[in-house]
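>>> Build me a model from this:
(4 chains)
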Amino acid sequence: MIKVLFFAGFRELAGTDAFEVNDDSLRDIRELVEKLAETLPAELIKALKDETALVSIDHKYAGWDGKLHQNAEVGFLPPVSGG
Amino acid sequence: MIKVLFFAGFRELAGTDAFEVNDDSLRDIRELVEKLAETLPAELIKALKDETALVSIDHKYAGWDGKLHQNAEVGFLPPVSGG
Amino acid sequence: MVFSKKVWVGESDFDVGEEYSKLLESSPHSGAVVFFTGLVRDLYPTNVNDEMVSYLELEHYPEMTERLCEEILDEANQRFPFDGATVLHRVGKLAAGEQIVMVAISSRHRENAFQAAQFVMDYLKTRATFWKKEVGSKGAEWLGVKDKDRQAAERWGELND
Amino acid sequence: MVFSKKVWVGESDFDVGEEYSKLLESSPHSGAVVFFTGLVRDLYPTNVNDEMVSYLELEHYPEMTERLCEEILDEANQRFPFDGATVLHRVGKLAAGEQIVMVAISSRHRENAFQAAQFVMDYLKTRATFWKKEVGSKGAEWLGVKDKDRQAAERWGELND
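Okay, here's the model as predicted:
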């Protein structure tokens, strides 16, 4: 099981802040996003693929090739705007 | 009459914080310092001539050629160290 | 260099005078303190059509933010050694004029305090997992990294990850 | 740019939290405040043989200092426009740990606040008519402009006199 979190604008596009994916065959973020595309809005998927979007695995920034594992927590992070 | 003020280390070398010079023929700071040399300690005069020393006339920074006038207030200022 | 570190993220407001005193207590040999506070401005001319902003909504990724803030402080300390640092960042709904963020650095000399405070702010803006939504009378908009903030962060070169 | 200006030189201590609030009141549209405070350090390794400093004695040329501070603020505002500025500088006898100076700048964006605060500090150190004497157990010494302060001021180029 992979736990997926959406923040800020991504959460609004997803219509939810969390999502669970039960597919242990997914190897990396790229494959996870393809999986999410089956059920989540196309507009969200497009935004996740934007070059300004960030991804985290287990609270660490990761790349599009970031490896998944059992019970990973994946965060989809729009461009940050703190401070 | 010209009013001369000494600050910080210059005051300690002069042994006084203020001094009056009654000589209306003095035209500039250079001439004033020569006049002071007649009565004030040689060590002070040497310090006043150091390139790091500053001078003011009527509360404005002035140069060695700064012109004097009746009732001018001249400040002899060691290198500053505020802040 | 070992330094005293305080990082806090939450909804409540903070008191600048009190934080200043606490920072000084934690770094009694410092001769210089630089403080930065960021507040909600009432007008954002570059966004949402120059309109007045009613309030901001700030959210974050709690499991990431505090650690990222600490990493940014560690990196700043490696580059510009200092004695003490405080980072406070509010989340939730914030009205115009309210305080959002505070970064304070105490050090022996002022140059490092200024440099470290700027470094921390630049990286907070571009690396820490906070998001800000401007809500005005004409609509709401999630803000992204501003170009000038990205440029400000880039001047420091790469982070030593 | 018109800005709110407060310059004060005197013997009494100041309260950073209070000054921060007053500065914000004077510049309600600012989104960024940078504060600097300088304190008497307890050890001056480059002077008087690394000894502990018992206290500092600060004096100034009253008829010049406040005007020079205002001129420095005006110059800073021409270069890095901001909304409000406070400069407080103490004189007299100050013990280790006591506050000496505070410079605070409020502005729309943080970059100008940081730049202006640094500019003002660099010029205060090299142009304003203050003098500082370190008194330790082994003797007393009037400080001059430090090389690094002179270099810091030189990076801004010439003042527009």
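>>> which residues touch residue 18?
All of this is about chain A. By C-beta atoms under 8 Å, 6 or more residues apart in numbering or on different chains, residue A:18 lies in contact with A:3, A:4, A:5, A:6. Quick note: C-beta positions are derived from backbone N, CA and C, even for glycine.
>>> Let me rephrase: I mean chain C.
residue D:17 are the contacts of residue C:18 under C-beta under 8 Å, 6+ apart.
>>> okay, now residue A:71: neighbour count?
9 (other C-beta atoms under 10 Å in any protein chain shown).
>>> which SS class is it?
What DSSP: H, G, I helix; E, B strand; the rest coil gives for residue A:71 is coil.
>>> Beta-bridge partners for the residue nearest to the spatial centre of chain A, please?
Centroid-nearest residue in chain A: residue A:76, 3.9 Å away (criterion: C-alpha atoms, centre = their mean). Here residue A:76 sits in beta bridges with residue A:6, residue A:55, going by DSSP bridges.
>>> check contacts around it.
A:4, A:5, A:6, A:7, A:10, A:48, A:53, A:55.
>>> and residue 37, how many residues sit next to it?
Picked chain A for this. When neighbours are counted by other C-beta under 10 Å, residue A:37 registers 15.
>>> um, chain C though
25.
>>> Beta-bridge partners for it, please?
Here residue C:37, judged by DSSP bridges, has bridge partners residue C:102, residue D:33.
>>> pretty sure it contacts residue C:102?
Yes - in this structure, residue C:37 is within contact of residue C:102 by C-beta atoms under 8 Å, at 4.9 Å.
>>> intersection of neighbour lists for those two?
residue C:16.
>>> low-confidence ranges in chain C?
C:43-51, C:158-161 (pLDDT under 70).
>>> quick one: the helices in it?
C:16-26, C:62-79, C:110-127, C:147-154 (DSSP state H).
>>> pLDDT score assigned to the residue nearest to the centre of chain A?
On the pLDDT scale, residue A:76 is placed at 98.
>>> ok, back up a step: are any of the contacts of residue A:76 buried, and if so which?
With burial judged by 16 or more other C-beta atoms under 10 Å in any protein chain shown, the buried subset of those is A:4, A:5, A:6, A:7, A:10, A:48, A:53, A:55.
>>> interface residues of chain A facing chain C?
Listed as neighbours of chain C in chain A under the rule C-beta under 8 Å from any C-beta of the partner chain: A:5, A:7-9, A:12, A:52, A:56, A:59, A:73, A:75, A:77-83.
>>> make it 6 Å
Residues of chain A found near chain C (C-beta under 6 Å from any C-beta of the partner chain) are A:7, A:8, A:9, A:59, A:75, A:79, A:80, A:81, A:82, A:83.
>>> For those residues, pick the one with the most neighbours.
residue A:82 (29 neighbours).
>>> my guess is it meets residue C:128, correct?
Yes - between residue A:82 and residue C:128 a contact is recorded at 5.0 Å, counting by C-beta atoms under 6 Å.
>>> I'd like the distance from the residue in chain A that chain B sits nearest to to residue C:128, if you could.
Distances between chain A and chain B by C-beta to the nearest C-beta are smallest at residue A:83, namely 28.2 Å. Distance check for residue A:83 against residue C:128: by C-beta to C-beta, to the nearest Å, it reads 8 Å.
>>> do residue C:88 as well
Distance, residue C:88 to residue C:128, using C-beta to C-beta: 12 Å.
>>> what about those two, which has more around it?
residue C:128 (26 against 22).
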